[in-house]
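Q: What follows is a protein structure lacking sequence information:
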């Protein structure tokens with residue numbers, strides 16, 4: 001009932017070799033075919049090629065993270081029906097290659113958001129954070145989104161204006177690049193003009209509409225996942241609250257219960273990300289882990305310190321406001337239960353999510369924020385130690 005220990009690897013363009021990753025203690029890789037345009041089918045040939053490369057290095061390809069969902073599907077416009085059919089075929093192709101876990105998300109436009117990717121932590125490592133007033137400064141005074149002021153209270157607007165006025169041109173550019181940063185696996189980012197156009201496509205879509213579009217998507221793809229023996233895990237919103245007028249529908253316990261009740265099946269599950277869910281002061285990650293454990297198909301473990309002003313800092317894995325002991329124990333007991341009842345989804349792959357940029361990594365080029373070698377390796381080691389202690393406790 002120990003976790004399968006996995007590691008996110010972005011493919012041949014990842015700055016870390018598989019030889020280096022082999023020494024971290026991970027046995028499985030979490031990867032994706034980032035070269036395939038979003039919405040297109042992942043061919044068996046491409047999947048087999050990547051899988052063979054991974055296995056030749058001594059790993060298993062444990063989880064796909066992720067098969068991206070096309071924006072047309074999220075808005076249910078344009079070619080959404082074709083993109084859903086393509087998604088189904090990708091699920092079938094992955095299953096035929098014996099890859100059985102898929103992580104995905106339903107966040108509109110932005111995959112995740114931070115306001116500073118280069119926070120100097122107290123031990124000299126580098127981490128990231130999110131501060132609402134700085135995000136508001138971007139929204140109100142750089143992006144200049146229409147009606148943006150309605151999304152912030154007076155205190156936040158005042159702080160945002162003061163912060164913006166304190167920035168020089170170089171700092172404004174840095175903030176813009178941080179907010180518009182590319183998706184994991186890609187260092188490409190939106191231009192401000194492209195971003196504005198993308199936001200406009202959601203003008204008529206509120207949380208209720210987005211939730212209905214997600215339900216429709218699930219009703220289409222989960223039967224295919226069931227038939228193929230694939231376990232899906234939707235990733236929570238990061239951060240778990242609305243941004244830039246865009247709705248979020250995978251942010252709370254109620255949101256996630258709506259998702260898993262839309263199609264009641266072990267194949268319609270979640271990726272439980274302690275950092276994403278834990279960023280919200282209103283989310284009790286321990287309670288959420290207990291209530292949702294039966295539908296967890298993949299686990300991301302990271303920690304944050306947070307407050308009630310929509311601010312959080314990415315911490316070391318065993319520090320911060322997430323009770324990592326309680327969450328890990330909950331999932332280990334769930335795996336024990338699955339094994340004892342011969343459940344079909346006994347595996348619960350885990351990866352140490354994000355890690356501080358530590359001194360040995362700080363001169364290496366091309367590292368995606370949060371995906372350093374030594375920071376994640378420290379996290380994996382700490383989690384493994386806690387896991388072993390919990391195992392002894394459970395078995396005593």
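A: On my side now, so go ahead. Fair warning: this is a prediction, and the values are worked out from it, not measured in the lab. Residues are numbered from 1 along each chain as shown.

Q: the bottom helix or strand of the chain by mean pLDDT?
A: helix 192-200 (a mean of 89; mean pLDDT, DSSP states H and E).

Q: and that helix, how far out from the chain's middle?
A: 22 Å (CA atoms, centre = their mean, to the nearest Å).

Q: what's next to that helix, contact-wise?
A: Applying CB atoms under 8 Å, 6 or more residues apart in numbering, the contact partners of helix 192-200 are 71, 109, 142, 143, 145, 176, 180, 190, 244, 245, 246. Bear in mind the C-beta positions are built from the backbone N, C-alpha and C, glycine included.

Q: Which ChimeraX command selects the buried ones in those?
A: Buried members of the contacts of helix 192-200 can be picked out in ChimeraX with the line below, counting by 16 or more other CB atoms under 10 Å:
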select :71,142,143,145,176,180,190,244,245,246
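
Q: Among the contacts of helix 192-200, which ones are in helices?
A: With helices defined by DSSP state H, the entries of those inside them are 71, 176.

Q: Which single one of the contacts of helix 192-200 is nearest to residue 93?
A: residue 71 (22.3 Å; CB to CB).

Q: list the contacts for that closest one?
A: Per CB under 8 Å, 6+ apart, neighbours of residue 71: 108, 109, 198, 201.

Q: what's the answer for residue 226, then?
A: Taking CB under 8 Å, 6+ apart, we find residue 226 in contact with 265, 267.

Q: Would you check how far apart it and residue 100 are?
A: Between residue 226 and residue 100 the distance is 12 Å, computed by CB to CB, to the nearest Å.

Q: same question, residue 218
A: Distance from residue 218 to residue 100, counting by CB to CB: 18 Å.

Q: What score does the closest residue to residue 246 other than its chain neighbours have for pLDDT?
A: Nearest in space to residue 246, with sequence neighbours left out and distances taken as CB to CB, 6 or more residues apart in numbering, is residue 108 at 4.6 Å. Looking at residue 108, its pLDDT reads 94.

Q: surely residue 108 meets residue 202?
A: Yes: contact criterion CB atoms under 8 Å: residue 108 and residue 202 qualify, at 5.6 Å.

Q: So residue 289 sits against residue 270, correct?
A: No: applying CB under 8 Å as the test, residue 289 and residue 270 come out as separate, 10.6 Å apart.

Q: Find residues that contact each of the two.
A: With CB under 8 Å, 6+ apart, residue 289 and residue 270 have common neighbours residue 296.

Q: quick one on the thing from earlier: got the contacts of residue 71 as CSV, with distance to residue 172 columns?
A: Listed next are those as CSV, based on distance: CB to CB, whole Å:
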residue, distance to residue 172
108, 25
109, 21
198, 21
201, 26
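
Q: just the buried members of these?
A: 108, 198, 201.

Q: Now do the same for the nearest residue to residue 322 once chain neighbours are set aside: its pLDDT.
A: Nearest residue to residue 322 in three dimensions, chain neighbours excluded: residue 278, at 4.3 Å (CB to CB, 6+ apart). At residue 278, the model reports a pLDDT of 98.

Q: Just read off the phi/psi values of residue 278.
A: When read as degrees, to the nearest 10, the backbone of residue 278 gives phi -70, psi -10.

Q: What's the local residue count around it?
A: By other CB atoms under 10 Å, 29 other residues sit near residue 278.
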